[in-house]
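Peer 1: Give me a model of this one.
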Amino acid sequence: MSEIPEHLLRRSKERRAALGQGGEAAGTPTGSPSEGGDAPAGAAAPVAAASSTPATAQSGPAEVAQAAPRPPYVEASLRRPRIPRWALPVLVMLPVWGYIYIGALKPADTAVALEPELALGQQIYGTKCASCHGAGGQGGVGRPLEGGEVLLTFPDPQQHIDWVVGGSTPKGTPYGDPNRPGGQRLSQSFGVMPAFGSSLSAEEINAVVRYEREILSGEAGTGATAGAPASGGH
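Peer 2: Numbering: from 1, shown residues only. You can find the predicted model right below:
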């Protein structure tokens, strides 16, 4: 058999040294073929080492990629629980809170407790009067009626009815009791009161006057306007 060239043996030795396998292998000559006809056996080790080198070089990048540390945000997401413990009671109570909130938004139905004439007066007031005097009689464009104000202005129910029938036009017309605190009212700073004698029936005017006096101004139970005629009404 032919001997392995010197430069191939030297290259194999350098390759093993680069891989950390030492300068010599067992039974392998360092500079020349072994004596006594052992050259073929000695040559087999360098060839085997050389043939195993590509496999080692190819496996290196994969091992490095597997050993690379995860980014901090990845580690944090793996440790973080899906739902925080403090959020569990909140999620359980959400339906209860929603039910309470919806119930609080529902307005109280006050019409069911009113007798038929007062219920009619409430309906007429909501459609004809509330836009000026406020839904609860608190005032706005028109003067306030709540808190006894309308009773101070009209101590006589018939005066109240006449005011609804004929209004307070033109602007600056005085109306109501001249002896009330603050003096007689004028249709000036709060605008004029329109006349409803041609648009509401006598029954409707009586009903809305009762509602303003008994419900908005707290004269309930007196029946002051019961049976009072609405002059000028149809």
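Peer 1: only C-alpha atoms for contact and neighbour calcs from this point on.
Peer 2: Noted.
Peer 1: Roughly how far does Val96 sit from Trp86?
Peer 2: 17 Å (C-alpha to C-alpha, to the nearest Å).
Peer 1: how much space is there between Ser189 and Ile205?
Peer 2: Taken as C-alpha to C-alpha, the span from Ser189 to Ile205 is 25 Å.
Peer 1: For the two, indicate the residue with more neighbours.
Peer 2: Legend: neighbour count by other C-alpha atoms under 10 Å for Ser189 and Ile205, higher for Ile205 (28 against 12).
Peer 1: So what does that one look like in phi/psi?
Peer 2: phi -70, psi -50 (degrees, to the nearest 10).
Peer 1: does it really touch Ile161, like I thought?
Peer 2: Yes - applying C-alpha atoms under 8 Å as the test, Ile205 and Ile161 come out as touching, 7.0 Å apart.
Peer 1: Relative to Lys171, how far out is Ser201?
Peer 2: 25 Å.
Peer 1: Quick one: the strands in the chain, in order.
Peer 2: Counting by DSSP state E, the chain has strands at residues 174-175, 185-186.
Peer 1: what packs against the last one?
Peer 2: If you count contacts as 3 or more C-alpha pairs under 8 Å, 6 or more residues apart in numbering; DSSP states H and E, strand 185-186 packs onto strand 174-175.
Peer 1: Give the pairing partners of the strand it packs on; include direction for each.
Peer 2: Strand pairing for strand 174-175, determined by DSSP bridges: strand 185-186 (antiparallel).
Peer 1: Could you dump the strands of the chain into TSV with distance to Ile100 and mean neighbour count added?
Peer 2: TSV is the format used below for those (distance: least, C-alpha to C-alpha, whole Å; neighbours: other C-alpha atoms under 10 Å):
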stretch	distance to Ile100	mean neighbour count
strand 174-175	47	17
strand 185-186	45	18
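Peer 1: Of all the ones you listed, which one comes closest to Glu3?
Peer 2: Across the strands of the chain, Glu3 has its closest neighbour in strand 185-186 (133.5 Å, C-alpha to C-alpha).
Peer 1: domain ranges for the chain?
Peer 2: 6-67, 111-216 (automatic domain parsing).
Peer 1: most tightly surrounded among those?
Peer 2: Most buried of the domains of the chain, by mean neighbour count (mean count of other C-alpha atoms under 10 Å): domain 111-216, with a mean of 18.
Peer 1: re the thing from before, confidence-wise, which of the domains of the chain is weakest overall?
Peer 2: Within the domains of the chain, the stretch with the lowest mean pLDDT is domain 6-67, showing a mean of 56.
Peer 1: wait, Asp177 sits on His160?
Peer 2: No - contact criterion C-alpha under 8 Å: Asp177 and His160 do not qualify, at 10.2 Å.
Peer 1: which residues are common contacts for the two?
Peer 2: With contacts defined as C-alpha atoms under 8 Å, 6 or more residues apart in numbering, the residues shared by Asp177 and His160 are Phe154.
Peer 1: tell me the helices in this protein, going along the chain?
Peer 2: Using DSSP state H, the helices found in the chain span residues 6-18, 39-67, 72-79, 87-105, 116-128, 130-133, 149-153, 157-166, 202-210.
Peer 1: Which residues are in contact with His160?
Peer 2: 154, 176, 209.
Peer 1: Take those residues and write them to CSV, including distance to Gly140.
Peer 2: Converted to CSV, the contacts of His160 look like this (distance: C-alpha to C-alpha, whole Å):
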residue, distance to Gly140
Phe154, 19
Gly176, 19
Val209, 18
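Peer 1: Fine by me, we can end here.
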